[in-house]
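Novice: Got a predicted model here, sequence first, then my questions.
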Amino acid sequence: MILMIGFKDITLWIHQMLSGYLNPGWVVASEALLVGLAMILLVVIMAVAMIYMERKVAGFMQLRLGPMRVGLWGSMQAFADVLKLLLKECLTPNGADKLLFSLAPFVVLTVSFLALAPFSFAPGLQLWDLNIGVLYISAVSSIGVIGILMAGWSSNNKYSLLGGMRSGAQIVSYELSAGLSIIAIVIMCGSLSIHDIILSQSDGWWIFKGHLPAMFAFVVFVIASTAELNRAPFDLAEAEQELTAGFHTEYSGMQFAMFFLAEYTNMFIVSMVGTTVFLGGWMPFHIVGFEAFNHLMDYVPSFIWFFGKTFFILFLIMWFRWTFPRMRIDQLLKLEWKYLLPLSIINIVIAAFITIMGWHF
Amino acid sequence: MGSGSLILLMFCGILFAGLAIGLGKVFSIKTYNTEKGEAYECGIQTEGTTWVQFNVGYYLFSLIFLVFDVEIVFLYPWAVVLKEIGMVAFTEILIFSLFLFMGLLYAYKKKALTWV
């Protein structure tokens, strides 16, 4: 069998070791501390890795090298940037709504932390297996809009207000097709729990098992989540040439860094949802009939599968940025309301029909 | 970990943001300048107040969004039990989404979906 210690064993070992030394109350407290530290570390490490990846991908797509000076191949560039931001003053513009202005980064970051709760990174490595996991993620991550609107409104800057409004309209619109494309898979799987969705893909990922509706749903999901993240080609909420930086024009120093971190965490969350729902979570890639190949794939640890697929979707989103030109707001809303939304509803009906007839594998 | 993980994660987020911003406030080099507090609008003096009227289109879209978002919330429980109930659930949701589709068509006809 697989020569690997599961994460379940590690967590059990930590629990037993702590129980040996401390009384039960302190065990819970120290475990909570460990989990909290682990989550913060995960967010920070992923953000640093993604910023490095983003700059390298951007560099290579434009036939340049990207950051090269700080550290080996520029690998310490993100840390240098954090240090720079730490030394910058946090300015509050005159006439700004001070309470909302300083509260907005907290809201945005806390929301992206909260959305991490139900994800399963590897077998047994999951904070909370909610029975409504997928619904919970889409519900919580949409609270982030409030933070963005708060930031745009309170800045006392016309560009920020316009950027916040555009961003709000965009996130809210594209939430519909993102939700509908997830529902197409929920229909076939019959459960909202992240754990059940992953287990249902042990004999094949939904993108392969679910025929055309699942593939179409995946395409719609990637488009809609790119728009929800306010990334190019849908980055008109922070279109540099028109609005300087959109809703965070007036933010500087660490407050700006929090928006940046939340943006990258949201990108990570969206990719993880795509991985879990469409690409089989931590399930290895199997081809029916190729026994030797399947056994070889089983030897790759499951968390490598999970993060590999997540980074694949991240790369896809970064690739978009350097391929498509920015859209206008009327084109953006037209794409959602006249094309993606009606097509997604029809897609759901087809997916439901296929499920009832039992045509999916 | 159960529902306690939500409180833990919320605490993590607030603590992390508070610590980072607090550290930034401590370590940053502060200078005073009257120009610094002004709104950054490409270097030109700001005209009028910020909180002005803006396009009504945003409200129209948020109203239509509300209708469809409620539809999606209705679709979640339906999607979970569809396999067990079968054809009856399918026909019901067909009628339900047909009505909503008519609503979308109406908004389309009334040019509510066109940006002005």
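Specialist: That came through fine.
Novice: Just the closest residue of chain B to chain A, please.
Specialist: B:Gly24 (3.0 Å; C-beta to the nearest C-beta). Just so you know, the C-beta spots here come from the backbone N, C-alpha and C atoms, and that holds for glycine as well.
Novice: Check the gap between the nearest residue to B:Ile93 once chain neighbours are set aside and B:Phe90 for me.
Specialist: Spatially, and ignoring its direct neighbours in sequence, B:Ile93 is nearest to B:Trp78 (5.7 Å; C-beta to C-beta, 6 or more residues apart in numbering or on different chains). From B:Trp78 over to B:Phe90 the distance is 10 Å, taken as C-beta to C-beta, to the nearest Å.
Novice: Who are the contact partners of B:Gly18?
Specialist: A:Phe106 (C-beta atoms under 8 Å, 6 or more residues apart in numbering or on different chains).
Novice: should've said B:Gly24
Specialist: Going by C-beta under 8 Å, 6+ apart, B:Gly24 touches A:85-86, A:88, A:90, A:253-255, A:257.
Novice: Report the separation between it and A:Phe256.
Specialist: For B:Gly24 relative to A:Phe256 (C-beta to C-beta), the value is 10 Å.
Novice: Can you pull the residues that touch both of the two?
Specialist: Common contacts of B:Gly24 and A:Phe256 (C-beta under 8 Å, 6+ apart): A:Leu85.
Novice: phi, psi of A:Ser120?
Specialist: phi -110, psi 110 (degrees, to the nearest 10).
Novice: quick revisit: mind checking which of the contacts of B:Gly24 land in helices?
Specialist: A:85-86, A:253-255, A:257 (DSSP state H).
Novice: so which two of the residues you listed are the farthest from each other?
Specialist: Pairwise distances among these were taken by C-beta to C-beta; the largest, 11.6 Å, belongs to A:Leu86 and A:Gln255.
Novice: Looking at these two, which is more packed in?
Specialist: Neighbours were counted for A:Leu86 and for A:Gln255 using other C-beta atoms under 10 Å in any protein chain shown; A:Gln255 has more, 27 against 16.
Novice: low pLDDT regions in chain B?
Specialist: B:1, B:116 (pLDDT under 70).
Novice: Quick one: mean pLDDT over the helix or strand encompassing A:Ile185.
Specialist: With secondary structure defined by DSSP states H and E, A:Ile185 is part of helix A:158-189. Across helix A:158-189, pLDDT averages out at 86.
Novice: Briefly note if that helix comes near chain B.
Specialist: Yes: using C-beta under 8 Å from any C-beta of the partner chain, helix A:158-189 reaches chain B at A:158-159, A:161-162, A:165, A:168-169, A:172-173, A:175-176, A:179-180, A:183, A:186-187.
Novice: sorry, back to before: for the residue of chain B closest to chain A, grab phi and psi.
Specialist: Dihedral angles phi and psi of B:Gly24 (degrees, to the nearest 10) take the values phi -60, psi -40.
Novice: State the distance from the closest residue to it other than its chain neighbours to B:Glu84.
Specialist: Using C-beta to C-beta, 6+ apart and skipping residues adjacent in sequence, the residue nearest B:Gly24 is A:Met254, 3.0 Å away. From A:Met254 over to B:Glu84 the distance is 51 Å, taken as C-beta to C-beta.
Novice: neighbour-wise, which of those two wins?
Specialist: Legend: neighbour count by other C-beta under 10 Å for A:Met254 and B:Glu84, higher for A:Met254 (26 against 8).
Novice: Now for the more buried one: which residues touch it?
Specialist: Per C-beta under 8 Å, 6+ apart, neighbours of A:Met254: A:85-86, A:88, A:90, B:20-21, B:23-25, B:28.
Novice: go on, A:Trp359?
Specialist: Shown in contact with A:Trp359 (C-beta under 8 Å, 6+ apart): A:His211.
Novice: How about the secondary structure of it?
Specialist: Assigned with DSSP: H, G, I helix; E, B strand; the rest coil, A:Trp359 falls in the coil class.
Novice: In chain A, where's the longest helix?
Specialist: helix A:24-61.
Novice: and if you look at chain B?
Specialist: Max-length helix for chain B by DSSP H is helix B:57-85.
Novice: Go through whatever helix or strand comes next after it and flag the buried ones.
Specialist: Downstream of helix B:57-85, the first helix or strand assigned by DSSP H and E is helix B:87-109. By neighbour count with 16 or more other C-beta atoms under 10 Å in any protein chain shown, helix B:87-109 contains the buried residues B:89-90, B:93, B:97, B:104, B:107.
Novice: and what of stretch A:282-296?
Specialist: A:282-286.
Novice: and what of stretch A:241-254?
Specialist: Residues of stretch A:241-254 classed as buried by neighbour count (16+ other C-beta under 10 Å): A:243-254.
Novice: Pick out the residue of chain A closest to chain B.
Specialist: For chain A, C-beta to the nearest C-beta, closest residue to chain B: A:Met254, 3.0 Å.
Novice: any chance of the buried residues of stretch A:241-254 in CSV, with pLDDT and secondary structure too?
Specialist: Shown next, in CSV, are the buried residues of stretch A:241-254 (pLDDT from 0 to 100; DSSP: H, G, I helix; E, B strand; the rest coil):
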residue, pLDDT, secondary structure
A:Leu243, 75, helix
A:Thr244, 74, coil
A:Ala245, 76, coil
A:Gly246, 78, helix
A:Phe247, 82, helix
A:His248, 81, helix
A:Thr249, 81, coil
A:Glu250, 81, coil
A:Tyr251, 85, coil
A:Ser252, 82, coil
A:Gly253, 82, helix
A:Met254, 87, helix
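Novice: Pick out whichever of those sits closest to A:Val219.
Specialist: Minimum distance to A:Val219 across the buried residues of stretch A:241-254 is 26.7 Å, recorded for A:Gly246 (C-beta to C-beta).
Novice: quick one: which of the buried residues of stretch A:282-296 is nearest A:Met297?
Specialist: Looking across the buried residues of stretch A:282-296 and measuring by C-beta to C-beta, the closest to A:Met297 is A:Pro284, at 4.2 Å.
Novice: Now do the shared contacts for B:Trp78 and B:Phe90.
Specialist: Residues touching both B:Trp78 and B:Phe90 (C-beta under 8 Å, 6+ apart): none.
Novice: so A:Leu103, which of the three states?
Specialist: helix.
Novice: need the residues of the stretch 251-361 of chain A near chain B, please.
Specialist: A:253-255, A:257-258, A:329-330, A:333-334, A:337-338, A:341-342, A:345, A:348-349, A:352-353, A:355-356.
Novice: Swap in 6 Å and give it another go.
Specialist: A:253-255, A:258, A:330, A:333, A:337, A:345, A:352, A:356 (C-beta under 6 Å from any C-beta of the partner chain).
Novice: hang on, the earlier thing: show me how far the longest helix of chain B is from its chain's centre.
Specialist: A distance of 15 Å separates the centroid of the chain from that of helix B:57-85, by C-alpha atoms, centre = their mean, to the nearest Å.
Novice: just the angle between it and helix A:158-189, please?
Specialist: Put simply, helix B:57-85 runs at 10 degrees to helix A:158-189, going by axes from the mean of the first three to the mean of the last three C-alpha atoms, to 10 degrees.
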